[in-house]
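Student: Need coordinates for the below:
(2 chains)
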Amino acid sequence: MKHVRANLLLLGLSFAICCIAYPSLLWAIGQTIFLTKSNGSLMTGMGQDGTQRTIGSRQIAQSFTGDEYFWPRPSAASYNATAAGGSNWGANNPKLRDRVAQQLGPIIRYKPGTQPRTPQQDIEDWFAAKPDRAADWAREYSVAAANWAMADSTNNTYGLQGNFILAWAEHHPDLIEQWKNANRAKTDHPKPVDLIPLFFVSFARAHPGKWPAVVEVKQTDGSVIKQVEPVAPDASVHANFFDMWLQDPANRPKTADLEPVPADMVTASGSGLDPHITLRNAMSVYQFDRVAAKRTLPGGNAAKIRNDIEKLVRKHSFTPLCGLVGEPLVNLLELNVDLDRHFTVPSVR
Amino acid sequence: MILLPIIIIGVSIALSIPLGRYMARVLDRESPNNAIERLIDTGQQPWKSYCYAMLLFNVVVFVFGFSVLATQEWHPAFLNPDNKGMLSPSTIFNTACSFLTNTNLQHYSGEVHLSYGSQLFAIMFKQFVTPAIGLAALLAVTRGLRGEQNLGNFYLDLWRGTIYIMLPLSVIVGVLLIAGDVPMTFQGNANATMLSGGEQSIARGPVAAVVAIKQLGTNGGGFFGPNSAHPFENPNAWTNVLECVCIILIPMSCLVMFGRMIRNMPHAAVIFGVSLAILTVLTVWGIYHDTVKPNMGLAVGPPIMGADGKPYQVTTLNADGQTEQMLLPEHATRERIGLPVTQDTGNLEGKELRFGPGAGPTWAAATTCTSNGSVNCMHDSLNPLAGLTPLGGMWLNCAFGGVGVGLINMLIYLIIAVFLSGLMVGRTPEYLGKKVEAKEMKLAALTLLVHPILILAPLGLFAAAGWLDASTNNPGAHGFSEGVYEFTSSSANNGSGFEGLGDTYGFHNKDKNPSPPAPFAPHWDIACGLVMILARFIPIIAPIALAASLAAKKPTPFNSGTLRTDTVTFGCVLLGTILLVGALMFLPVAALGPMAEHFGPLPFGR
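Tutor: The predicted structure follows:
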């Protein structure tokens, strides 16, 4: 009986104190003294219609893809602030290296004054130099190739690429035949992923030096549909073949001249919502040049704009723990809001 | 990057001394002091009654927590503004076990799956009382070691621990966190129109209240999925230092309290030194392999070949399901050129920038040494060898350890160390003036063996049944490490994870889940739940019995032949015992997991 009383008392009292009184006290302190902070440090700004609206939280990253803005770190959570998370990919995961390589391929540059052409042009030439490069890629980068085939797939339906492989197999029955010979133990019909190596061999034979890219095709009625077509190397080739181009010993002299990117530009944060980038990242040719070029009025003073934007970026930078640890960082949302306030974007978005 | 751990550990040590003294003064009182304590008190308890009371209260808390979670659908609107439904039954079981045992393993994602009511009443309530239960167990063991037949009153100990230790510290830390930008609101998700168009919904809630006690009580179950990596749980470098200090503060103070209670500060100082040495080594190891070194997957890598310069031959399964020998393909083993990425601040995948370089591994060492289990970076993305830091901390599980229970684990190693020393000099071993004999050694060995058995046995089952393989987020050895980590974390009552592992089922109503349930989520839920329960209560009850058994013995007089337990020499013996007994048990899985990953092809399986 004494045990029952003690248990009930403990449960009731500690519940009342720890779960009611304690959070209420903190809530009261927060809502009176630290009102903005305790509601999530929300920022308001002027909308396009001229009304005040919430534009985000200064602590939570949001997606920026426009050339006129500085870009945040990649997010494994797609900047979803209701389901945050990291990639949880270890160093041994090919997906991690593929993701970074695919991000780098289209944007990578040579160090100024070292090479006459862009890396993208070099990748295109290198791609076209061997007619069945795509077949090599499907064999050596099997994880990336599988992801390519599974893009936009849901449970039982396939995305554009997956359906393209299936359609290809229908017109090239030898593909299925080969697969069945190699996999006699399996009885079911092959999925697009299973056919990747065979598909790329067959594709490279039919369209040497071409790549099955997703292109937008204008219909007769004016609407635009996406479909896969064999095209000359495009941005998706830059993305998918960058790592393979880099690894080719023949390209060693060129790859040594690549301008490295700061690590935070290509690594996803633990929360997927990291609101900062390093000052180095912001000032690198990969961010600063793009933003400055986009915000320079036609015929405007480019050097002055660059100078002013640089001042603004540096004004926003801070080093954690009063400068004791790490390197200078920039809060991206605050910076981009300030950019909009001080520098116009010439063309309409 | 080495400054940050020095600040954190230094501040913790400085604060732990006054706090430990305060704890000894407040907790080590026999009789009730006021009306409430008199109501709660049921009189002095010998060890069996003490354990009975403890188990009874745990049952009450389990039932209460389970009910709150199970009724989430019907929580009133102000406690459930975003209308969360019911979790899957196995996840409710797992979560109820996990928070009851001070583990805080989370097979759900806080902001996605829990209402504010569940966060406060099921999660936070247990975060207050379970460290106090650990503290009570430590008080009981310490009183036994002091030679007292009655170990005190469980209810009184629990009440004092909750109200005089956990609560005031949480209020202080909570206010500091709010001042440092952590939200404390009952409003639902905030809707924002982003600068470049598009909508963003931002989850928030009574975060500060949960984070404060989560850090202080070696709990670790965060408000948000990414835990203290989330900007709302840990907004800047200052809160990071504060939260990291909170992780180790009370476990350190427990040692000071222990020294005061047995009136043998030098002995406590030896234990403190050994714990500090382990924590320091793990921190430095983690920083070296994760912050000094770049992310191995993106960096240059040597060609992979045998000593004879020929490529490796491996055994593999062919399409017909038969084993065959094949050479590793050339493209997977040749020298790897690094991607053009400047990684001079270390591996940034899964890290936040605002804490500074080195903050992730430092936290990883602190959170696993102390069975806290909160994280400020994704441990799954740590470099392969750096992953040994959290794993090692949990395998040993005694360097400061969880509130109360950490020191109890250390006590087991102490008994073993005393026993080994006794064997070496051919004398009946003694600890604190009492003879350690067969019965004590059996209890100590039982406690010690529970940990590896509860890790390795279910791991073997899951690996053999194929459940592990189907749940991993990473290929090869790292996938295996994810399974090792999950059971290690459960058995160490830690709660952190290689979170890529597919162990989340989500809402019971499948249609409400943002992503489909992991294939073997119920398996993980149930297995980890059982492991946590066994790994919590056996290593509490057996040492209490051990202490009571020592208490019943006549003290042996101290003479020149007595093994001194307050010298540096004994510290070395203790450290050696921990490493030999503790670490060797896990060497095989370490070799199959992180080490195989480090030496194998990176990336794996291309």
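Student: all strands for the stretch 51-200 of chain B, in order.
Tutor: Here the stretch 51-200 of chain B has its strands, by DSSP state E, counting those that start in this stretch, at B:190-193, B:199-202.
Student: Identify the spatial nearest neighbour of the residue in the stretch 51-200 of chain B positioned nearest to chain A, chain neighbours not counted.
Tutor: The nearest approach of the stretch 51-200 of chain B to chain A comes at residue B:184, 3.6 Å away (CB to the nearest CB). (Each C-beta comes from the backbone N, C-alpha and C, glycine too.) The shortest distance from residue B:184 to any non-neighbouring residue, by CB to CB, 6 or more residues apart in numbering or on different chains, is to residue A:30 (3.6 Å).
Student: And the helix or strand hosting that neighbour, what's buried?
Tutor: Using DSSP states H and E, residue A:30 sits in helix A:22-33. Neighbour counts over helix A:22-33 (16 or more other CB atoms under 10 Å in any protein chain shown) mark A:22, A:23, A:26, A:27, A:29, A:30 as buried.
Student: circling back: what's the pLDDT at the residue of the stretch 51-200 of chain B closest to chain A?
Tutor: We have a pLDDT of 95 for residue B:184.
Student: Please tell me I have it right and it contacts residue B:204.
Tutor: No - taking CB atoms under 8 Å as the definition, residue B:184 is not a contact partner of residue B:204, at 9.1 Å.
Student: wait, what's in contact with residue A:9?
Tutor: B:39, B:40 (CB atoms under 8 Å, 6 or more residues apart in numbering or on different chains).
Student: Against residue B:167, how distant is it?
Tutor: 16 Å (CB to CB, to the nearest Å).
Student: Check residue B:52 too.
Tutor: 26 Å.
Student: out of these two, which sits in the busier spot?
Tutor: residue B:167 (20 against 13; other CB atoms under 10 Å in any protein chain shown).
Student: so what's residue A:132 up against?
Tutor: A:200, A:201, A:204, A:205, A:208.
Student: Whichever residue of the stretch 151-300 of chain A sits closest to chain B: neighbour count?
Tutor: Residue nearest to chain B within the stretch 151-300 of chain A (CB to the nearest CB): residue A:270, separated by 3.3 Å. Residues near residue A:270, counting by other CB under 10 Å, number 33.
Student: Equivalent analysis for residue B:301, please.
Tutor: What residue B:301 shows, counting by other CB under 10 Å, is a neighbour count of 18.
Student: partner residues bridging it?
Tutor: residue B:336 (DSSP bridges).
Student: per-residue confidence for it?
Tutor: Residue B:301 carries a pLDDT score of 86 in this model.
Student: Please name the residues that touch it.
Tutor: By CB under 8 Å, 6+ apart, the contact set of residue B:301 is B:335, B:336, B:338, B:602.
Student: Could you tell me how far it is located from residue B:295?
Tutor: 11 Å.
Student: Let me see the backbone angles for the residue of the stretch 51-200 of chain B closest to chain A.
Tutor: Here is the backbone geometry of residue B:184 (degrees, to the nearest 10): phi -150, psi 90.
Student: Identify the residue nearest the residue in the stretch 101-250 of chain A that chain B sits nearest to in space, chain neighbours excluded?
Tutor: Of all residues in the stretch 101-250 of chain A, residue A:140 sits closest to chain B, at 4.2 Å by CB to the nearest CB. Spatial nearest neighbour of residue A:140, chain neighbours left out: residue B:331 (4.2 Å); criterion: CB to CB, 6+ apart.
Student: can you tell me the helix or strand for the one you found?
Tutor: helix B:330-333.
Student: in that helix, what counts as buried?
Tutor: Across helix B:330-333, burial judged by 16+ other CB under 10 Å covers B:332, B:333.
Student: Could you pull up the mean pLDDT of it?
Tutor: Mean pLDDT, computed over helix B:330-333, is 79.
Student: any weak-confidence spans in chain B?
Tutor: Applying pLDDT under 70 to chain B picks out residues B:319-320, B:606.
Student: Equivalent analysis for the stretch 51-200 of chain A, please.
Tutor: A:155.
Student: OK, now which residue of it is nearest to chain B?
Tutor: Going by CB to the nearest CB, chain B is nearest to residue A:88 of the stretch 51-200 of chain A, at 3.2 Å.
Student: my guess is that residue contacts residue B:503, does it?
Tutor: No - the criterion here is CB under 8 Å, and residue A:88 misses it with residue B:503 at 11.9 Å.
Student: near chain B, which residues of the stretch 151-300 of chain A show up?
Tutor: Residues of the stretch 151-300 of chain A found near chain B, taking CB under 8 Å from any CB of the partner chain as the criterion, are A:182-186, A:243, A:246-247, A:255, A:258-264, A:266-278, A:280.
Student: Now with 7 Å, please.
Tutor: Within the stretch 151-300 of chain A, the positions near chain B by CB under 7 Å from any CB of the partner chain are A:182-185, A:246-247, A:255, A:258-264, A:266-271, A:273-276, A:278.
Student: Which ones among those residues lie within helices?
Tutor: Under the assignment DSSP state H, those contribute A:182, A:246, A:247, A:255 to helices.
Student: For residue B:467, give its distance to residue B:457.
Tutor: Taking CB to CB, one finds residue B:467 at 14 Å from residue B:457.
Student: Give the residue from the two that has the larger number of neighbours.
Tutor: Each of residue B:467 and residue B:457 has its neighbours counted (other CB under 10 Å); residue B:467 has more, 18 against 13.
Student: can you pull the contacts of the spatially closest residue to that one that is not a sequence neighbour?
Tutor: Spatially, and ignoring its direct neighbours in sequence, residue B:467 is nearest to residue B:520 (4.4 Å; CB to CB, 6+ apart). Neighbour list for residue B:520: B:467, B:470, B:471 [criterion: CB atoms under 7 Å, 6 or more residues apart in numbering or on different chains].
Student: you'd agree the residue nearest to residue A:140 is up against residue A:138?
Tutor: No - between residue B:331 and residue A:138 there is no contact under CB atoms under 7 Å: 11.9 Å.
Student: and stretch B:310-319, how far out from the chain's middle?
Tutor: Put simply, stretch B:310-319 sits 38 Å off its chain's centre (CA atoms, centre = their mean, to the nearest Å).
Student: Residues contacting that stretch, please?
Tutor: A:182-183, A:185, B:304-306, B:323-328, B:333.
Student: Return the member of these nearest to residue B:22.
Tutor: Taking CB to CB as the measure, residue B:22 lies nearest residue B:304 of the contacts of stretch B:310-319, at 56.3 Å.
Student: doesn't residue B:602 make contact with the closest one?
Tutor: No - with contact defined as CB under 7 Å, residue B:304 does not reach residue B:602; the gap is 8.9 Å.
Student: For stretch A:32-51, output the C-alpha coordinates as PDB.
Tutor: Taking Å, rounded to 0.1, in the frame of the first residue of the first chain, the C-alpha atoms of stretch A:32-51 are listed here in PDB:
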ATOM      1  CA  THR A  32       8.100  37.500 -22.900                       C
ATOM      2  CA  ILE A  33      11.800  38.100 -23.100                       C
ATOM      3  CA  PHE A  34      12.900  36.300 -26.200                       C
ATOM      4  CA  LEU A  35       9.700  36.500 -28.400                       C
ATOM      5  CA  THR A  36      11.300  36.300 -31.800                       C
ATOM      6  CA  LYS A  37      13.800  33.700 -30.900                       C
ATOM      7  CA  SER A  38      11.400  31.400 -29.200                       C
ATOM      8  CA  ASN A  39       9.000  31.400 -32.100                       C
ATOM      9  CA  GLY A  40      11.700  30.200 -34.500                       C
ATOM     10  CA  SER A  41      13.600  33.400 -35.500                       C
ATOM     11  CA  LEU A  42      11.300  34.000 -38.400                       C
ATOM     12  CA  MET A  43      12.200  36.800 -40.800                       C
ATOM     13  CA  THR A  44       9.600  39.000 -42.500                       C
ATOM     14  CA  GLY A  45      10.100  40.700 -45.800                       C
ATOM     15  CA  MET A  46       8.300  42.500 -48.600                       C
ATOM     16  CA  GLY A  47       6.500  40.200 -51.000                       C
ATOM     17  CA  GLN A  48       6.200  40.900 -54.700                       C
ATOM     18  CA  ASP A  49       2.700  42.200 -54.100                       C
ATOM     19  CA  GLY A  50       4.000  44.700 -51.600                       C
ATOM     20  CA  THR A  51       2.700  43.000 -48.400                       C
END
